[in-house]
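Participant: model the structure of this input:
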Amino acid sequence: MGNSIFTVGQDTVLAIAEGGLCIGKANKMAYQIVTDFYTEMAIENRVWQVRAGTINVPLVGDIVVTDAAAEFAVDPATGYVIIPVVWDVAVVVGGGTLDNYAAKSVAGASSVGAAYVPLNCSIGGPACNSTSRVAAAAGGVTVPAELATTTRVHFYYANAAANVALPLIQWVPRCPPVIGSGNVLYFQVAGTGTPNSYYSHFDFIELPLTGVS
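Facilitator: The predicted structure is shown next:
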């Protein structure tokens, strides 16, 4: 086996032309620099965010989980796939019981619900090709009906007791689903009695389909 050769680039940042050949990078202690997938996607401006709730106006969850109703959703554009990175829910008022927090996907598309333009996590980065919706009212985004034979459940958290406030609820998928066009990824926040008030955001990667198929 031949020796691997790397250049030290700690004091300068190289900018190799697209399609150019290069060798690896090491630091001054000769340790190879390896960028993880998610960091590389961020460097390439391929990470976007959908957020729910503003600085002083949280959203209010649905009263019980309702079939075909979601709080927000993302529809991958034709020729692209999305890969979930993280979903956070911060409950600020949690007076209800039987709270449910779910991330699901199914064939079809979202409808109704206010359109939301995903934010590139790099300020000034390119626009997202995929589209999203965020409900102004609880359960205000319509999605295809749930069936055990077609709907994928990616994350589910349930809490049976009434709470004044809950800890941060977070989904960081170990094996994230790769969701292509013709499908919708959606999120449900609901409970019985007094619905929860919350803030939320969802970060995802968007890639051309040709890069993953």
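
Participant: rest of the way, CA atoms for contacts and neighbours
Facilitator: Noted.

Participant: what score does the nearest residue to residue 110 once chain neighbours are set aside have for pLDDT?
Facilitator: Computed as C-alpha to C-alpha, 6 or more residues apart in numbering, the closest residue to residue 110 that is not its neighbour in sequence is residue 143, at 4.6 Å. If you check residue 143, the pLDDT there is 96.

Participant: how about the contacts made by residue 143?
Facilitator: With contact set as C-alpha atoms under 8 Å, 6 or more residues apart in numbering, residue 143 has these partners: 68-70, 108-111, 184, 186.

Participant: quick check, nearest of those to residue 207?
Facilitator: The shortest approach to residue 207 among these belongs to residue 184, at 15.6 Å (C-alpha to C-alpha).

Participant: tell me which element that closest one is part of?
Facilitator: Secondary structure here is read from DSSP states H and E; on that basis residue 184 sits in strand 183-192.

Participant: does the nearest residue to residue 201 once chain neighbours are set aside lie in a helix or a strand, and which?
Facilitator: Leaving aside its chain neighbours, residue 201 sits nearest to residue 51 (4.1 Å; criterion: C-alpha to C-alpha, 6+ apart). Assigned by DSSP H and E, residue 51 falls within strand 47-52.

Participant: next structured bit after that strand?
Facilitator: Elements were assigned by DSSP H and E; along the chain past strand 47-52, the next helix or strand is strand 59-60.

Participant: distance between stretch 27-44 and the chain's centre?
Facilitator: For stretch 27-44, the distance between its averaged C-alpha position and the chain's averaged C-alpha position is 22 Å (C-alpha atoms, centre = their mean, to the nearest Å).

Participant: ok, residues contacting it?
Facilitator: Residues external to stretch 27-44 that are found in contact with it (C-alpha under 8 Å, 6+ apart): 6, 8-10, 24-26, 47, 121-122, 205.

Participant: could the C-alpha coordinates of it be exported in CSV?
Facilitator: Extracted in CSV, the C-alpha atoms of stretch 27-44 (Å, rounded to 0.1, in the frame of the first residue of the first chain):
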residue,chain,number,x,y,z
ASN,A,27,-3.0,20.1,10.1
LYS,A,28,0.5,21.0,11.3
MET,A,29,0.6,17.9,13.5
ALA,A,30,0.1,15.8,10.4
TYR,A,31,-3.4,14.7,11.4
GLN,A,32,-5.7,14.2,8.3
ILE,A,33,-8.6,16.6,8.1
VAL,A,34,-11.9,14.8,7.4
THR,A,35,-15.2,16.8,7.1
ASP,A,36,-18.3,15.0,8.1
PHE,A,37,-21.3,14.8,5.7
TYR,A,38,-23.5,17.3,7.5
THR,A,39,-20.8,20.0,7.8
GLU,A,40,-19.9,19.5,4.2
MET,A,41,-23.5,20.1,3.2
ALA,A,42,-23.6,23.3,5.3
ILE,A,43,-20.3,24.5,3.6
GLU,A,44,-22.0,23.8,0.2
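
Participant: having no further points to raise, I will conclude here.
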